[in-house]
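1. need the 3D shape of this:
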Amino acid sequence: MATIKLAALTELRKPTRSIIAGKAPFFVGQGDTDLICGSCGSTLAEGIVNGQLRDIVLKCPGCGEYCEQIMLPPFPEVRVIRLSAGYFDFSTLSAPVRCPPDVAIIGTKLTVP
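-> Coordinates of the predicted model:
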């Protein structure tokens, strides 16, 4: 299983991205990659396919840091679920979001003038 340490964001203004918060791990799949917080090392996503989550900021429930994946591999040919820009609180979910290997979850990144 590969582990990718996410980059901690130095600054996060108003939500111009898709931001996920709540209980970790947020996403669980059948892939071979885990995503961990760049600050404290908490697992934020388990068993995903690398590149399956794009343009999504994950707020670590362990330390409160906002994290993102910097480098992305080529986009796999899969079904896509697009999230709007905003704040998504997963703390009320009874289980992590399941990520089948043939689905990519893509966030929205708005440009700020």
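
2. for Lys5, name its beta-bridge partners.
-> Assessed by DSSP bridges, Lys5 has beta-bridge partners Ile36.

3. list the residues that contact it.
-> By Cβ atoms under 8 Å, 6 or more residues apart in numbering, the residues touching Lys5 are 36-38, 41. Glycine gets a C-beta too; all of them are placed from N, C-alpha and C.

4. what do you get for Gly62?
-> Contacts for Gly62 (Cβ under 8 Å, 6+ apart) come out as 24, 37, 40, 42.

5. and those residues, which two are furthest apart?
-> Using Cβ to Cβ, these reach their maximum pairwise distance at Ala24 and Cys40, which is 10.7 Å.

6. these two: who's more crowded?
-> Ala24 (22 against 14; other Cβ atoms under 10 Å).

7. excluding its backbone neighbours, what's nearest Ile70?
-> Spatially, and ignoring its direct neighbours in sequence, Ile70 is nearest to Ala7 (4.9 Å; Cβ to Cβ, 6 or more residues apart in numbering).

8. ok, back up a step: anything in contact with each of Ala24 and Cys40?
-> Taking Cβ under 8 Å, 6+ apart as the criterion, Ala24 and Cys40 both touch 60, 62.

9. thinking again about what came up before, just give me the closest of the contacts of Gly62 to Gln69.
-> Of all the contacts of Gly62, Cys37 has the smallest distance to Gln69: 11.7 Å, by Cβ to Cβ.
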